[in-house]
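Colleague: what's the 3D shape of this:
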Amino acid sequence: MKIDFFKTYENKKLTLQKTVTRKDTYEGLLSTASLTRFMLDTSWELVAQDLPQGYTSVAAQLSVTHEEPTVAGETVTVTATVVGVEVNRILITFEAEDETGVIAHGRSERHVVEVHLLKELADKRAEALRNIK
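Modeller: Residues are numbered from 1 along each chain as shown. Alright, predicted model coming up:
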């Protein structure tokens, strides 16, 4: 894959919305785990839209600051924005809002990799476990 391909990601942005369900909450409040998953899903969608066949992206780093509570039934909006591209690394920032205002922000680094090489690496690592008796 040519490095120039990654220039298509510069300043790219994606916004997704979701209604908070009981399953997303702890004691009726949006859990940080569910919010983080939604942020990761948004960043994956942002990158996946333009990937050529045979490539995927994986989260390499993640930082989330969850500042405000949100109750079940509210709509949460996550905006992911590409703020940098370095070779196959895509740097993304997030902002999450509910119906009252900003509830969280964060950063992520995604690496674009060839699927077959990722599977080969996983198989190689798993081989050690197959030999344990």
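Colleague: so how far is V83 from R107?
Modeller: 8 Å (CB to CB, to the nearest Å). Bear in mind the C-beta positions are built from the backbone N, C-alpha and C, glycine included.
Colleague: what does L91 give?
Modeller: Taking CB to CB, one finds L91 at 5 Å from V83.
Colleague: tell me which of the two has more neighbours.
Modeller: L91 (16 against 13; other CB atoms under 10 Å).
Colleague: now do the same contact list for the more buried one.
Modeller: Counting by CB atoms under 8 Å, 6 or more residues apart in numbering, L91 touches V82, V83, G84, V85, R107, S108, E109.
Colleague: restricted to strands, list the residues you listed.
Modeller: Judged by DSSP state E, strands contain the following of the contacts of L91: V82, V83, G84, V85, R107, S108, E109.
Colleague: contact partners for the residue positioned nearest the centre of the chain?
Modeller: Closest to where the C-alpha atoms of the chain average out (CA atoms, centre = their mean) is L40, at 2.2 Å. By CB under 8 Å, 6+ apart, the contact set of L40 is A59, L62, S108.
Colleague: list the contacts of D41.
Modeller: By CB under 8 Å, 6+ apart, D41 lies in contact with L16.
Colleague: and if you look at the one 5 residues further on?
Modeller: For L46, the contacting residues are K12, K13, L14, A80, V82, I92, by CB under 8 Å, 6+ apart.
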